[in-house]
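Student: Model the following, please.
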Amino acid sequence: MKTDLITVSPDTPVLKAREILDTKKISHLPVTDGKARLLGIVTDRDLKEAWASPASTLSVYELTYVLQKLKVESIMTKDVLIATPDMTIERAARILHDHRIGALPVVKDDKVVGIITATDLMEVLLTSLGMSDDSGRLSMIVKDRIGILAEIGKAMQQSGINIRSVITFPLRGHRDLWQLIMRVNMKVYDKALEALQAKGFKVITHYVEDVTPYLPD
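Tutor: Below you'll find the model as predicted:
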């Protein structure tokens, strides 16, 4: 989570909130009282809707006047979903996904102590995947059985290759088959590929639409 929080009070003018979002290049502003207690949250979407709602019936001058008088408390979401500092990344991601929201204020002892956004979670995902310019991706379709990770790890160990990351997920449409994606340093990429192929693995090194040729025997 980010702890260098930028918050606003309920009586903050909407125009000021818009300025903060633009200047700080953020999309969410927790709304708090004077004691860091969470009262609501205002988002970039909320502000766009506030801009659009009266725009069709008011002149530019009238619209400016209305927006100058409008306060954050009039447009903020009050029923806010939150996270806690000890919540797992997976749980936070599930809440964001299921409720189609972009951020979760993090609350401890009734006070806002941070915020976690979809962008933060994407950074965590990329880090956990070992994604970097100096790493390469090797993909295999494997049977869901005990020892498969050990076999791949042993093949890499015997070749003196360090695995940067491994992730597995079920192969859609194929029961008991999983796709395993491994990343290694580009300097040993070809060596890793040869080692896996020597052990009988059908390695996917590029995008393929039909994975049938790569299914295990």
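
Student: If you rank every helix and strand of the protein by mean pLDDT, what lands last?
Tutor: Least confident element among the helices and strands of the chain, by mean pLDDT, DSSP states H and E: helix 60-69 (a mean of 65).

Student: Which positions within the helix or strand following that helix qualify as buried?
Tutor: Remark: after helix 60-69, the chain's next helix or strand is helix 89-99, criterion DSSP states H and E. For helix 89-99, the buried set under the neighbour-count rule, 16 or more other C-beta atoms under 10 Å, comprises Ala92, Ala93, Ile95, Leu96. Where you see a C-beta, it was placed from the backbone N, CA and C, and this is true even at glycine.

Student: and if you look at stretch 5-20?
Tutor: Going by neighbour count (16+ other C-beta under 10 Å), the buried part of stretch 5-20 is Leu5, Thr7, Val8, Pro10, Thr12, Val14, Leu15, Ala17, Arg18, Ile20.

Student: quick one on the thing from earlier: just the closest of the buried residues of helix 89-99 to Tyr207, please.
Tutor: Set against Tyr207, the nearest of those by C-beta to C-beta is Ala93 (25.1 Å).

Student: Wait, the closest one touches Leu121, no?
Tutor: Yes. Contact criterion C-beta atoms under 8 Å: Ala93 and Leu121 qualify, at 5.2 Å.

Student: could you list every residue that touches Lys69?
Tutor: Pro13 (C-beta atoms under 8 Å, 6 or more residues apart in numbering).

Student: What's the separation between it and Val14?
Tutor: Distance from Lys69 to Val14, counting by C-beta to C-beta, to the nearest Å: 9 Å.

Student: do Ile204 as well
Tutor: For Ile204, the distance to Val14 equals 51 Å [C-beta to C-beta].

Student: picking that back up, between the buried residues of stretch 5-20, which is closest to Ile115?
Tutor: Lowest distance from Ile115 to the buried residues of stretch 5-20 (C-beta to C-beta) belongs to Leu5, with 6.3 Å.

Student: Three-state assignment for that closest one, please.
Tutor: Put simply, Leu5 is coil when judged by DSSP: H, G, I helix; E, B strand; the rest coil.

Student: What residues are recorded as beta-bridge partners of Val42?
Tutor: Listed by DSSP bridges, the beta-bridge partners for Val42 are Leu29.

Student: I figured it hits Ala17, correct?
Tutor: Yes. The criterion here is C-beta under 8 Å, and Val42 meets it with Ala17 at 5.8 Å.

Student: Show me whatever sits in contact with both of these two.
Tutor: By C-beta under 8 Å, 6+ apart, the residues touching both Val42 and Ala17 are Val8, Leu29, Val72.
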